[in-house]
Structure formats: structure tokens, C-alpha cells
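Engineer: Build the 3D model from these lines:
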Amino acid sequence: MCSVPMITTKNTLVGNNVESLNTGYVIGEDYDDLISLISNIDFINEYKQKKANCTEIWNQRFKKYVQSFMKDEYIPLVERILKHGS
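Structural biologist: Coordinates of the predicted model:
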């Protein structure tokens with residue numbers, strides 16, 4: 001399970017997703033940005049909420065992803081290749 005909030009960089013694909021899902025922190029690339037983040041007085045409360053969001057997103061979207069990918073896509077692909085030769 002992935003329930004640890006992520007720290008990532010602003011203006012990136014990952015940063016945009018983390019920000020929109022509220023599953024971590026999006027900061028600039030400077031050392032001072034990181035210090036500012038962990039110095040925030042509400043950091044612990046925000047962390048708890050973001051951790052809960054991570055768990056919820058994991059359970060909703062990714063918990064069964066590998067199992068479903070294997071069953072719905074990978075195994076049928078391998079079976080077609082074996083049956084037809086490629």
C-alpha cells in the first residue's frame with residue numbers, strides 16, 4: 001500500500017497530480033522551499049490528511065491494478081501470441 005505523502009516539484013506532471021489529488025507536497029527546487037515546508041506549523045495536520053488521501057487513492061485506483069492488468073490485458077495478449085504466433 002502506498003500511504004506516504006510525496007514531496008515533488010512544481011510545474012511537473014507528478015506535481016500537478018499530487019496537487020490535484022492532495023496526496024503530498026508540491027514545492028520549488030530550492031533548499032529554502034523544503035525548509036519552509038517542514039517548518040510550517042500545520043505540517044503534521046496536513047501530513048495526516050494527505051496520508052489519508054494517499055490511502056484512499058491507492059484503494060480506489062491502484063490496489064488491484066496489477067491483478068486486473070494481468071487478467072484483462074497481459075494474459076489475453078500472451079494467449080493471442082501463443083495461438084497465432086505473434
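
Engineer: With only the CA atoms kept, save the lowest-mean-pLDDT helix or strand in the chain in CSV.
Structural biologist: Ranking every helix and strand in the chain by mean pLDDT, DSSP states H and E puts helix 65-69 at the bottom, with a mean of 84. Output in CSV follows, covering the C-alpha atoms of helix 65-69 (Å, rounded to 0.1, in the frame of the first residue of the first chain):
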residue,chain,number,x,y,z
TYR,A,65,-4.3,-2.6,-10.8
VAL,A,66,-1.6,-5.3,-11.3
GLN,A,67,-4.1,-8.1,-10.8
SER,A,68,-6.6,-6.5,-13.2
PHE,A,69,-3.9,-5.7,-15.8
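
Engineer: counting contacts, what elements does it pack onto?
Structural biologist: Applying 3 or more C-beta pairs under 8 Å, 6 or more residues apart in numbering; DSSP states H and E, one finds that helix 65-69 contacts no other helix or strand. All C-beta spots, glycine's among them, are computed from the backbone N, C-alpha and C.

Engineer: Off-centre distance for the very next helix or strand once past that helix?
Structural biologist: Following helix 65-69 in sequence order, the next helix or strand is helix 75-84 (DSSP states H and E). Relative to the chain's own centre, helix 75-84 is displaced by 31 Å; criterion: C-alpha atoms, centre = their mean, to the nearest Å.

Engineer: Check stretch 69-80 too.
Structural biologist: How far stretch 69-80 lies from its chain's middle: 25 Å, per C-alpha atoms, centre = their mean.
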